[in-house]
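Chemist: Can you look at this prediction? I've put the sequence above it.
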Amino acid sequence: MSADLVVAGGEVVRPDGAGPADVLVKDGRILDIVDPGAGRGLRTVDARGRIVLPGGIDPHVHFLIGFMGQKSVYDFYSGTAAALRGGVTTVIDFALQRRGRSMLDGLAYRRRQADGQVACDYGLHLIATDMSDAALAEAPQVIAAGASSFKVYTIYESEGLKVDDGPLHDLMRVSGKHGGTVILHAENASIIETLIARHVAAGDFAPRFHALSRPPLAETEAVSRGMLLADDAGSSLHIFHLNSGPALDLIEAAQARGQAVSAETCTHYLALTDEVYDREDGHVFVASPPLRDKANQERIWRGVASGSLEIVTSDDASYGAEAKALGKARFDTIANGMPGVEARLPILYTLGVASGRMSLTRFAEAWSGGAARLFGLAPEKGAIAAGADADLVVIDPETTRRMTVDSHYGPIGYNPYDGMDLVGWPVMTIRRGEIAIEDGAFRGKPGDGRFIARRPVGRMA
């Protein structure tokens, strides 16, 4: 059978190892992986000297959002275009259940915003804010509709997001019965609010006090509490943007006991430390949890390398330079978040593989395979294997390029990684067999992507 496309001669990274091969693509799927030179097709892409990875999966992005009075630069089209430029072929964003409203209504509204606009494939986590009896009765329908994970905030009461322990425990019980996964933004609200008030009263307004108001203890306590609740409820649990060494210690101990708990960290925690808060532009690095010191960063890197931190995400929140500057005078008014969906690949490759911290196969897991498995996208996505979607990214492992403010797609106006010299840049992104990015040129359009209904993969209570 003739292939539509052959990606020929590259170092192909599969779950069981990496080696030279030809990847054959037919009708949007991977037809076969054969010896170099054996592939035949309508078009051949010469990947010699390149590395061929599964298309990236970023299960933590925030497109078309407003938070702390500011709006993201990226909407669903521009955000997914940026994702493709960075080698990402699937993202998972969020649908918000507003308090007093239906979960299903929140999911349907977000689908209307995204469908027809996305340039790559996408899924949705459901942000649960109100666990009334009526809302909890909808949870199985939300899972059946393909949003098989529920995100819960343990903070941000002023934004209408915080959920207390009792309602969280109720959601965990329902989710566990139906194979869903509960995801936590885990920070102790009381500790943080007390410290913020103390610093503000003292006139401590600089960005540095954002980090001092959110110590590792605030994350560690919330992670511990979340794991206790999930274990009792029989629910799988995932922790977003983990970056504290003591919290990772607790997660690794729970994993060793057999608890169904997983965690991720984010690109910015691996690339940056809290020293940047003392820079003149320190306000642009404000995100929650905050950047930590070098010791915590090294502990998190060990978790990524070992796999106890299974995936690395971007937590992309593309507030522009002007929006970030509006809160500059006082740390607690700075819009939280940084852009990163496009930078994740070269940063993780440079600091992970090129520096010797991880193998290519572990890199592919952190980049794509782990997210596919944890969030119900496998086996169609997350691995280069016969029958899987032909989501591929070809990267250049040799050429060094410097990250600049202009490296971003779209008018963000700053880059947290400005000045970093990186390798592993994508030269081609293939989405379901179609070349979406070639040598930096974007060939996509709104509607090229589709909604992916994710399977429930959580532990059944």
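Modeler: Nice, thanks for sending it over.
Chemist: From now on I want contacts and neighbour counts done on CA atoms only, so please keep to that.
Modeler: OK.
Chemist: In this protein, where's the longest helix?
Modeler: Using DSSP state H to define each element, the chain has its longest helix at helix 216-233.
Chemist: Where do the domain boundaries of the chain fall?
Modeler: As assigned by automatic domain parsing, the chain contains the domains 3-53+383-442, 56-374.
Chemist: now do the same end-to-end measure for the last one.
Modeler: By that I understand domain 56-374. This stretch, domain 56-374, spans 14 Å end to end (CA to CA, to the nearest Å).
Chemist: likewise stretch 28-47?
Modeler: The first residue of stretch 28-47 is 19 Å away from its last residue (CA to CA).
Chemist: what sits up against it?
Modeler: Residues from elsewhere that reach stretch 28-47, judged by CA atoms under 8 Å, 6 or more residues apart in numbering: 2-10, 20-25, 384-390, 394, 431-434.
Chemist: residues of stretch 294-302 that come out buried?
Modeler: Residues of stretch 294-302 classed as buried by neighbour count (16 or more other CA atoms under 10 Å): 296-297, 299-302.
Chemist: coming back round to it: among the contacts of stretch 28-47, which lie within helices?
Modeler: Per DSSP H, those never map to helices.
Chemist: Please pick the buried ones from those.
Modeler: The neighbour count (16+ other CA under 10 Å) marks 3-10, 20-25, 384-390, 394, 431-434 as buried among the contacts of stretch 28-47.
Chemist: Looking at these, which are in strands?
Modeler: Among the buried ones among the contacts of stretch 28-47, the members falling in strands are 3-10, 20-25, 394, 431, 434 (criterion: DSSP state E).
Chemist: didn't Ser244 look like it was pressed against Arg214?
Modeler: No. In this structure, Ser244 is not within contact of Arg214 by CA atoms under 8 Å, at 10.9 Å.
Chemist: who's more crowded, the two?
Modeler: Legend: neighbour count by other CA atoms under 10 Å for Ser244 and Arg214, higher for Ser244 (26 against 23).
Chemist: Quick check: the gap between the more buried one and Gly56.
Modeler: Distance from Ser244 to Gly56, counting by CA to CA: 25 Å.
Chemist: same question, Arg330
Modeler: From Arg330 to Gly56 the distance is 36 Å (CA to CA).
Chemist: Same check on Ala436?
Modeler: Counting by CA to CA, the separation of Ala436 from Gly56 is 13 Å.
Chemist: Walking through the stretch 301-450 of the chain, point out its helices one by one.
Modeler: Ranges of helices in the stretch 301-450 of the chain, per DSSP state H, counting those that start in this stretch, are 321-325, 344-348, 360-364, 370-374.
Chemist: actually the stretch 51-200 of the chain, not the one I wrote
Modeler: Under the criterion DSSP H, counting those that start in this stretch, the stretch 51-200 of the chain contains helices at 76-85, 103-114, 133-144, 165-177, 189-201.
Chemist: one step back: and the helices of the stretch 301-450 of the chain as a markdown table, adding mean neighbour count?
Modeler: Formatted as a markdown table, the helices of the stretch 301-450 of the chain follow (neighbours: other CA atoms under 10 Å):
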| stretch | mean neighbour count |
| --- | --- |
| helix 321-325 | 18 |
| helix 344-348 | 26 |
| helix 360-364 | 22 |
| helix 370-374 | 23 |
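Chemist: if we can go back for a sec, export the buried residues of stretch 294-302 as a markdown table, with columns for distance to Gly444.
Modeler: Output for the buried residues of stretch 294-302, formatted as a markdown table (distance: CA to CA, whole Å):
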| residue | distance to Gly444 |
| --- | --- |
| Asn296 | 40 |
| Gln297 | 36 |
| Arg299 | 39 |
| Ile300 | 36 |
| Trp301 | 34 |
| Arg302 | 37 |
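Chemist: with the residues you listed in mind, which one is nearest to Leu345?
Modeler: Leu345 has its nearest neighbour among the buried residues of stretch 294-302 in Trp301, at 15.6 Å by CA to CA.
Chemist: Disregarding flanking residues, what is the spatial nearest neighbour of that closest one?
Modeler: Leaving aside its sequence neighbours, Trp301 sits nearest to Leu270 (CA to CA, 6 or more residues apart in numbering; 6.7 Å).
Chemist: Checking my notes, the one you found in a helix, right?
Modeler: Yes. Using DSSP: H, G, I helix; E, B strand; the rest coil, the assignment for Leu270 is a helix.
Chemist: Wait, it touches Ala295, no?
Modeler: No. Counting by CA under 8 Å, Ala295 is not a contact partner of Leu270; they are 11.4 Å apart.
Chemist: a strand runs through Leu250, doesn't it?
Modeler: No. Using three-state DSSP, the assignment for Leu250 is helix, not a strand.
Chemist: So it versus Thr154, what's the distance?
Modeler: Leu250 is 18 Å from Thr154, where distance means CA to CA.
Chemist: For Phe67, give me the pLDDT.
Modeler: Here, the pLDDT recorded for Phe67 equals 85.
Chemist: brain fart, Gly327
Modeler: As predicted, Gly327 sits at a pLDDT of 88.
Chemist: got the contact list for it?
Modeler: By CA under 8 Å, 6+ apart, the contact set of Gly327 is 333-335.
Chemist: same thing but 10 Å
Modeler: Contact analysis of Gly327 by CA atoms under 10 Å, 6 or more residues apart in numbering lists 68, 207, 283-284, 333-336.
Chemist: related to what we said a few turns ago, please provide the alpha-carbon coordinates for the longest helix of the chain, formatted as CSV.
Modeler: What follows is helix 216-233 as a C-alpha-only set of coordinates in CSV (Å, rounded to 0.1, in the frame of the first residue of the first chain):
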residue,chain,number,x,y,z
PRO,A,216,6.6,25.8,49.5
LEU,A,217,4.6,25.0,52.6
ALA,A,218,1.5,26.4,51.0
GLU,A,219,1.8,23.9,48.1
THR,A,220,3.0,21.0,50.2
GLU,A,221,0.1,21.2,52.7
ALA,A,222,-2.5,21.4,49.9
VAL,A,223,-1.0,18.5,48.1
SER,A,224,-1.0,16.4,51.3
ARG,A,225,-4.6,17.3,52.0
GLY,A,226,-5.7,16.5,48.4
MET,A,227,-4.1,13.1,48.5
LEU,A,228,-5.8,12.2,51.8
LEU,A,229,-9.2,13.2,50.4
ALA,A,230,-8.6,11.4,47.1
ASP,A,231,-7.4,8.2,48.8
ASP,A,232,-10.5,8.1,51.0
ALA,A,233,-12.8,8.9,48.1
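Chemist: how far out from the middle of the chain is it?
Modeler: Between the mean C-alpha location of helix 216-233 and the chain-wide mean there is a distance of 21 Å, by CA atoms, centre = their mean, to the nearest Å.
Chemist: before we move on, what about stretch 273-286?
Modeler: Computed by CA atoms, centre = their mean, the separation of stretch 273-286 from the middle of its chain amounts to 22 Å.
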